[in-house]
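K.L.:
missing the sequence, but the structure's below:
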DNA sequence: ACCGCCGGGTGCC
DNA sequence: ACCGCCGGGTGCC
């Protein structure tokens, strides 16, 4: 049996045992455990039972007083198929649960009736057996089954009030924050982040909740102790807000913190100059130096001083490095940094390397992407930086036994937008966990998207012992937090603080804002419809009002809510341009045949998805993933509604309208439908009031200053198409960016638009949802939002694409709103929709889930 | 294990 | 004695 680590996880033992595996790795074991470990949410404590661990003399695993132990079923054990193995936190086997007790527990464990957890309070020095306090946790409905089952076999589960047996209080007194070793907060925020990152990589302090006690290292949360130093977490989470320069800071990190705190060796002439500048360093006031570095880093890229300054930066940082790091801990053979990023921001990395690394600094950056990518391990590991995407990584790891990226010992692995890997079962996440690296980083503006659960994957990636193993995470953090245990929240907070740096746009460093963005002016421009437009609008509105009125009278608003959205959609289109209105193929009335019904449902699904409402699934409250529509015309994520149906006792009911639902009646959007969005409108082009309002603004701006660039944003791509005609007519040079474009084309378009060349485009037609976060459109200083979005956050995100770091001008945002129209009411209707949802839910799940997330976010200053 | 249990040796006091 | 008792060997699952 071969392992890559000195210590085995107990999952590893169990996995290896069960499958007789020959070369399981620790991460594979963790992966297996992750997919098997049920969520700790909502578990209740049934009670305690004193048990016995036997066979101590056969194993090396030792336990401390009060230490948590893991209990693992070993159904393939040749001596007893009921065997329950006991292991300590490092996965070293301690012994077995006594046969008779194991026989009683096996049934409960195998049928998931309860999770059994052990803590050893006494007898840790015993030679042959030791007592273990077992705690039974599970769903309320299984409480009696479990207690009765144990009782039948002569084991009385103590359900009494005294819970001291299974719990223990947490000591955090010796927790020292790691930030203390890095000094100069005089520096601007990126420098601060760089210092922090270097410190995280070089530090010798113990991971959170570990302390040294005499000769041993002790974890105060799990009461585990070990002779060996626990692995340091060399890395962390840089959770700065978008636009604060996570990319740039990471590039600076790569350049400045190579081995032993020295910078990346880039050029010979640099090291010759080093000695000269060292003497300057010593006698220069730190703050002066820092501002010099600042200037060099961000402005003057002409001077050779830049590279030297990087050396000096490292010198400053090295001052904070603890000299007690054992030399052997550094694996000097690892030299390359691997950056994994979503495809949409790949180009941004390349640009930033181009822009922020001096041209005569020879940094070897390789883009590992495309079918022609160089898969040679020798080649890849000789690079300074390799950039790739999550998809390429996971494709590589799936297809070939010898994924090149997995065969390299990386100096550093950086996950850009790291929250992407929050699902531990996803191929991508698994591929990321399998990477070998000395240091690990996660860059993410939003490390917690939905719940504390999201954090586990990140901690597992960082290999934060012992929380990279799901059981310890669940027992010590997740369950206490979901059950609103104060100590649990405090532990989580401490944990996150130790490995995360987070600043928002409004954060301050030494009393000065982190970023000084130019001012932003937002104004609403009311648009009056022309008389004929108004007539058409009123006609559609009355029709819609009748329909909705009927639903209200019948009490079927929820049942028909796809129709309601469709009506609002049509009104919104009226407000923009009459030609936006798509011909509705049929009235959505009664359907005679199943085929017809299916057609109608697909039509409704199309309307809901096209309504730009960023529809959220009422089950997971997230945006809809793999949309399906029920026969009662409500849209959910397929996995969410499938779960609702499978967990229903008898007949499953729609969470929104309580109609009966069945799995085989869920309708998906047919693939071929996606393609046929090409309504080529051969009719003659005509204008609209909103078009006129926009053109008026654009023409005025061009007169004032022809260098001004504008973003013109709409949710309707066909509206963008309509706008192309008058733009061309008036001789504006423009580009267009929408969701249908290939990545290559997008990059090209953004580059063109960002260019300051005299004949570069001055207008970008942008579809609201295109690109997602991370787009940099700072060349624009004016934003025209042609139509209001359901979700104001989407609008904000869009505005932030130009109101962000690098913006030199004051930003003007104009929102066009048609007077006396649905647009004015959209925000209100959005709120009502939310109220309806809450009523349908009886305001239980929704409320609790939402407030819980808020709690955590507030506590963690997220 | 300073136990329990097993199985062989042994057999009044 | 087809028993009781003694004392040695032995010991997770």
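P.N.:
Yes, it's here. Remember, predicted model here, so these are calculated numbers, not experimental data. Numbering: from 1, shown residues only, chains lettered A, B, ... in the order given.
K.L.:
Could you tell me which residues of chain A lie near DNA strand B?
P.N.:
A:54, A:128-129 (C-beta under 7 Å from any atom of the strand). In short, each C-beta sits where N, CA and C put it, glycine included.
K.L.:
Just the buried ones out of those residues, please.
P.N.:
By neighbour count, with 16 or more other C-beta atoms under 10 Å, these hold A:54, A:129 as buried.
K.L.:
Return the closest of the residues of chain A next to DNA strand B with respect to DNA strand C.
P.N.:
Of all these, DNA strand C sits closest to residue A:54, with 4.1 Å by C-beta to the nearest atom of the strand.
K.L.:
ok, for the residue most central in space within chain A, nearest residue in space, not its chain neighbours?
P.N.:
Nearest residue to the geometric centre of chain A (C-alpha atoms, centre = their mean): residue A:419, 1.9 Å. Spatially, and ignoring its direct neighbours in sequence, residue A:419 is nearest to residue A:444 (4.5 Å; C-beta to C-beta, 6 or more residues apart in numbering).
K.L.:
Give the full set of residues in contact with the residue in chain A positioned nearest to DNA strand B.
P.N.:
Residue nearest to DNA strand B within chain A: residue A:128 (3.9 Å; C-beta to the nearest atom of the strand). Contacts here follow C-beta atoms under 8 Å, 6 or more residues apart in numbering; on that basis residue A:128 touches A:54-57.
K.L.:
now do 10 Å
P.N.:
The contact partners of residue A:128, taken as C-beta atoms under 10 Å, 6 or more residues apart in numbering, are A:53-58, A:95.
K.L.:
I'd like those as CSV, with pLDDT appended.
P.N.:
Converted to CSV, the contacts of residue A:128 look like this (pLDDT from 0 to 100):
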residue, pLDDT
A:53, 95
A:54, 95
A:55, 94
A:56, 94
A:57, 91
A:58, 92
A:95, 95
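K.L.:
ok, and of those residues, which contact DNA strand C?
P.N.:
Restricting the contacts of residue A:128 to those touching DNA strand C (C-beta under 7 Å from any atom of the strand) yields A:54-55, A:58, A:95.
K.L.:
Quick check: residue A:465 touching residue A:476?
P.N.:
No - here residue A:465 does not reach residue A:476: they are 11.9 Å apart, not a contact under C-beta atoms under 10 Å.
K.L.:
Need the residues touching each of the two.
P.N.:
With C-beta under 10 Å, 6+ apart, residue A:465 and residue A:476 have common neighbours A:209, A:219, A:222.
K.L.:
List phi and psi for the last one.
P.N.:
Which is residue A:222. The phi/psi pair for residue A:222 (degrees, to the nearest 10) reads phi -110, psi -10.
K.L.:
For it, give its distance to residue A:67.
P.N.:
6 Å (C-beta to C-beta, to the nearest Å).
K.L.:
pLDDT score assigned to residue A:557?
P.N.:
On the pLDDT scale, residue A:557 is placed at 69.
K.L.:
who wins for neighbours among the ones next to DNA strand C among the contacts of residue A:128?
P.N.:
Using other C-beta atoms under 10 Å as the neighbour criterion, residue A:95 leads these with 24 neighbours.
K.L.:
Spit out the contact partners of it.
P.N.:
Residue A:95 is in contact with A:52-59, A:61, A:63, A:69, A:85-87, A:126, A:128-130, A:132, counting by C-beta under 10 Å, 6+ apart.
K.L.:
Relative to residue A:722, how far out is it?
P.N.:
The value you get for residue A:95 to residue A:722, if C-beta to C-beta is used, is 75 Å.
K.L.:
pLDDT-wise, which helix or strand of chain A ranks last?
P.N.:
Among the helical and strand segments of chain A, the one scoring lowest on mean pLDDT, DSSP states H and E is helix A:268-283, with a mean of 29.
K.L.:
so residue A:607 touches residue A:563, yeah?
P.N.:
Yes - with contacts counted by C-beta under 10 Å, residue A:607 reaches residue A:563, the gap being 8.2 Å.
K.L.:
thinking again about what came up before, with neighbour count as new columns, can the shared contacts of residue A:465 and residue A:476 be given to me in a markdown table?
P.N.:
What follows is the shared contacts of residue A:465 and residue A:476, written out as a markdown table (neighbours: other C-beta atoms under 10 Å):
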| residue | neighbour count |
| --- | --- |
| A:209 | 26 |
| A:219 | 24 |
| A:222 | 24 |
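K.L.:
just curious, which of those residues is nearest to DNA strand C?
P.N.:
residue A:222 (22.9 Å).
K.L.:
OK, contacts around that closest one?
P.N.:
Taking C-beta under 10 Å, 6+ apart, we find residue A:222 in contact with A:64, A:66-69, A:88-89, A:119, A:168, A:170, A:209, A:465-467, A:472, A:475-476.
K.L.:
What of residue A:386?
P.N.:
By C-beta under 10 Å, 6+ apart, the residues touching residue A:386 are A:336-340, A:364-369, A:373-374, A:379-380, A:404-405, A:408, A:410, A:413.
K.L.:
Quick check: helices, which of those residues are part of them?
P.N.:
The helices, defined by DSSP state H, take in A:379-380 from those.
K.L.:
Quick one, which of the contacts of residue A:386 are buried?
P.N.:
Buried, going by 16+ other C-beta under 10 Å: A:336-340, A:365-369, A:373, A:380, A:404-405, A:408, A:410, A:413, out of the contacts of residue A:386.
K.L.:
which secondary structure elements does the longest helix along chain A contact?
P.N.:
Criterion DSSP H: the longest helix present in chain A is helix A:531-554. Packing partners of helix A:531-554 (3 or more C-beta pairs under 10 Å, 6 or more residues apart in numbering; DSSP states H and E): helix A:561-576, helix A:689-704, strand A:811-818, helix A:822-840.
K.L.:
One more pass at 8 Å, please.
P.N.:
The contact analysis (3 or more C-beta pairs under 8 Å, 6 or more residues apart in numbering; DSSP states H and E) places helix A:531-554 against helix A:561-576.
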